[in-house]
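Trainee: Sequence below, structure please.
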Amino acid sequence: TLSPATTYFFAIRTLDSAGNLSAVSNVAAALTTGFTLPRTRLAYLGPVWPADTGGVYISSSTGLSLTASTSAAGISAIYFGIDLPAEIMAAGLSNATTGAFSVYSGTFTLAEGAHLIGYGSVNNAGNYEFLKKRTVFVDGTPPEAQLAAGGSTLTAGTTAYITAGNAVSITAVDPVSNGVASGVKAVHYVVDAAPGSCPGEPAFTGPAGTCDNPLYAGPFTLPVGTHTIRYTAFDNVGNRTPVKTVRLTVAAPDLTPPVTRLYVNGIFASSGTVEYIQAGSTITLTASDPLVEGAVNSGVAFSTITVAKLISQNWVTVGGGVYSMPIVINGEGRYAFHYRSVDNAGNWEPQKSRVRRVDGTPPVTELLVYGSSATDAQGNLVVAADHYISFISSDPVSHGVASGLKDALFSLDGGPFEAFSSTFTLAG
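Mentor: Prediction:
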């Protein structure tokens, strides 16, 4: 305790966190009998959140007020300054520095960002309060909230389709704006509650997602049907995200696999048949996901195909994979095609198979004359008018495949080709 009407000399040194020690500065202080300093208090008219680095977070809409008290002398003025130069803040309040400060006249607000406030009062006896300082982080930006369902993030205002059992989740982040973010305090949501239908403040005791308990605590599921979800987020100083809305139609799970069809040159390849196709034929797959009433149609994810060829009595895979375009089969031989599809719900179709023999070798045809014949000087065949003419055709086996003879066609004297059916004679 210092005695009044006495002059004291103070030797002051300061030490920073790195261990640097300042030089000694001597200060003389004279106390006067009855000397009393004013006391000023800073109040925040809104939510306050402590900052890890010291100081506090407030909203840009939060008012700040100053009040001062002193002895019977009374308060002459309350001063405050925002982000003043360091030398002014260090000098404190005095007759020489009050010009840099503002005279407090009523509640004020601060723009978003970090601010250093200096404030203090002077009483009617001319005694200045030691300058007080507060660091205030002003957050004027609300959090950003997003809703996801069935693994997809949904844009507010949209309608989406999910299956029963798909989780619905809401996430929120408080973006840094002007160097400040107070952090997310809570996410609120209600399911199937009309705007304005929630009266008063919630008690947070009822089922989650209701007017009585809108606090989001983690992912949730919805029953089959159509539902409207409204959600918002709050930061630690009361900034609120505008309410967003998403409409979800919840269907029974998709338990039905896709149906895949194989076509050869555009013709459906039915099962249970052994068919011959030409070399160069095109294999095409199509797939669809059946729509079952009351269940969601998740859609075809992809199809796969394996192409195997019979080589030395062994089936050898020669191509295939995830189907993306028609497959052209050029080489002769016996081929097996194994294919199936999967939908976006993970339902795999049972594997289907088709076997086709690829024949790339044309038939061989010989002309047969019943009776004597000769060849003239030009190489033409000369036969008697009453001799019968016939054709012998065969389909040679190549790479173990021969599709068999279908027709033998011939043309007489440059006329149109016609199918050979029986022996014939030529007019003389």
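Trainee: going forward, measure contacts and count neighbours with C-alpha atoms only.
Mentor: Will do.
Trainee: Ramachandran coordinates for A90?
Mentor: Phi and psi for A90, reported as degrees, to the nearest 10, are phi -70, psi -30.
Trainee: Tell me who's in contact with it.
Mentor: By C-alpha atoms under 8 Å, 6 or more residues apart in numbering, no residues touch A90.
Trainee: how near is it to K132?
Mentor: The spacing between A90 and K132, counted by C-alpha to C-alpha, to the nearest Å, is 11 Å.
Trainee: Same question for P257.
Mentor: Distance from P257 to K132, by C-alpha to C-alpha: 73 Å.
Trainee: Looking at the two, which is more packed in?
Mentor: In this view P257 and K132 are compared by other C-alpha atoms under 10 Å, and P257 has more residues nearby, 23 against 18.
Trainee: Look up how far S71 lies from that one.
Mentor: Counting by C-alpha to C-alpha - P257 and S71 are separated by 87 Å.
Trainee: So G120 sits against F80, correct?
Mentor: Yes. Applying C-alpha atoms under 8 Å, one finds G120 in contact with F80, separated by 6.6 Å.
Trainee: Can you pick out the residue with more neighbours from those two?
Mentor: Neighbour count, other C-alpha under 10 Å: between G120 and F80, G120 has more, with 27 against 21.
Trainee: hmm, who's touching the helix or strand the more buried one falls within?
Mentor: Element membership for G120, per DSSP states H and E: strand 113-123. Under the contact criterion C-alpha under 8 Å, 6+ apart, strand 113-123 has outside partners 37-40, 68, 70, 73-84, 89, 93, 128-139, 177-180.
Trainee: got a list of what the closest residue to P38 other than its chain neighbours touches?
Mentor: Once flanking residues are discounted, P38 sits nearest to T70: 4.5 Å by C-alpha to C-alpha, 6 or more residues apart in numbering. Contacts for T70 (C-alpha under 8 Å, 6+ apart) come out as 36-39, 123.
Trainee: And for P202?
Mentor: So P202 contacts 211-214 (C-alpha under 8 Å, 6+ apart).
Trainee: tell me the SS of it?
Mentor: coil (DSSP: H, G, I helix; E, B strand; the rest coil).
Trainee: any low-confidence regions in this protein?
Mentor: 1-10, 25-35, 272-274, 428 (pLDDT under 70).
Trainee: mind listing the helices for the stretch 151-300 of the chain?
Mentor: Counting by DSSP state H, counting those that start in this stretch, the stretch 151-300 of the chain has no helices at all.
Trainee: got the residue ranges for the strands in it?
Mentor: For the stretch 151-300 of the chain, the strands defined by DSSP state E, counting those that start in this stretch cover 152-154, 159-163, 168-173, 184-191, 225-235, 244-251, 259-264, 267-268, 275-278, 281-288, 300-311.
Trainee: got CSV for the ones you listed, with mean neighbour count and distance to F204 too?
Mentor: As requested, the strands of the stretch 151-300 of the chain are exported to CSV (neighbours: other C-alpha atoms under 10 Å; distance: least, C-alpha to C-alpha, whole Å):
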stretch, mean neighbour count, distance to F204
strand 152-154, 14, 27
strand 159-163, 19, 28
strand 168-173, 19, 18
strand 184-191, 20, 11
strand 225-235, 21, 16
strand 244-251, 20, 21
strand 259-264, 19, 49
strand 267-268, 12, 62
strand 275-278, 17, 71
strand 281-288, 18, 47
strand 300-311, 19, 42
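Trainee: Which of the ones you listed sits closest to D413?
Mentor: Closest to D413 of those, according to C-alpha to C-alpha: strand 275-278, at 30.3 Å.
Trainee: Tell me if I'm right that Y276 and S403 touch.
Mentor: Yes. The criterion here is C-alpha under 8 Å, and Y276 meets it with S403 at 5.9 Å.
Trainee: Can you pull the residues that touch both of those two?
Mentor: Among the neighbours of Y276, those also in contact with S403 (C-alpha under 8 Å, 6+ apart) are 357, 359.
Trainee: I'd like the strands of the stretch 151-300 of the chain as TSV, with distance to I327 appended.
Mentor: As requested, the strands of the stretch 151-300 of the chain are exported to TSV (distance: least, C-alpha to C-alpha, whole Å):
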stretch	distance to I327
strand 152-154	34
strand 159-163	35
strand 168-173	42
strand 184-191	50
strand 225-235	43
strand 244-251	37
strand 259-264	10
strand 267-268	14
strand 275-278	14
strand 281-288	5
strand 300-311	9
